[in-house]
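Need a 3D model of the sequence below.
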Amino acid sequence: MTIDRMVLAFAGCVVLLGVTLAWLVSPWWILLSVFAGLNMIQAAFTGFCPAAMMFKKLGAKPGVAFR
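Take a look at the predicted model:
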């Protein structure tokens, strides 16, 4: 799996986790999904993604977007 796909899967899991926790625990957990969405938007414009850097250090294969 490439870094690109790992980042997308991780972001999707964070969004789903935030929505699930907002439903089960407290509506304030929706802020986790908001944070993930804002991070995806800024990564699209700047190319800076902390998750991609972490996956790269863990030895994941580079993809097209995050090198």
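
Phi and psi next, for the spatially most central residue of the chain.
The chain has Ala11 as the residue nearest its centroid, 2.8 Å off, counting by CA atoms, centre = their mean. Ala11 adopts backbone torsions of phi -60, psi -40, taken as degrees, to the nearest 10.

my read: it touches Met40, true?
Yes: contact criterion CB atoms under 8 Å: Ala11 and Met40 qualify, at 5.6 Å. All C-beta spots, glycine's among them, are computed from the backbone N, C-alpha and C.

mind listing the helices in this structure by residue range?
Listed in chain order, the helices found in the chain under DSSP state H are 3-24, 30-46, 50-57.

Can you tell me which helices and strands the longest one packs against?
Same thing as helix 3-24. Under the contact criterion of 3 or more CB pairs under 8 Å, 6 or more residues apart in numbering; DSSP states H and E, the helices and strands touching helix 3-24 comprise helix 30-46, helix 50-57.
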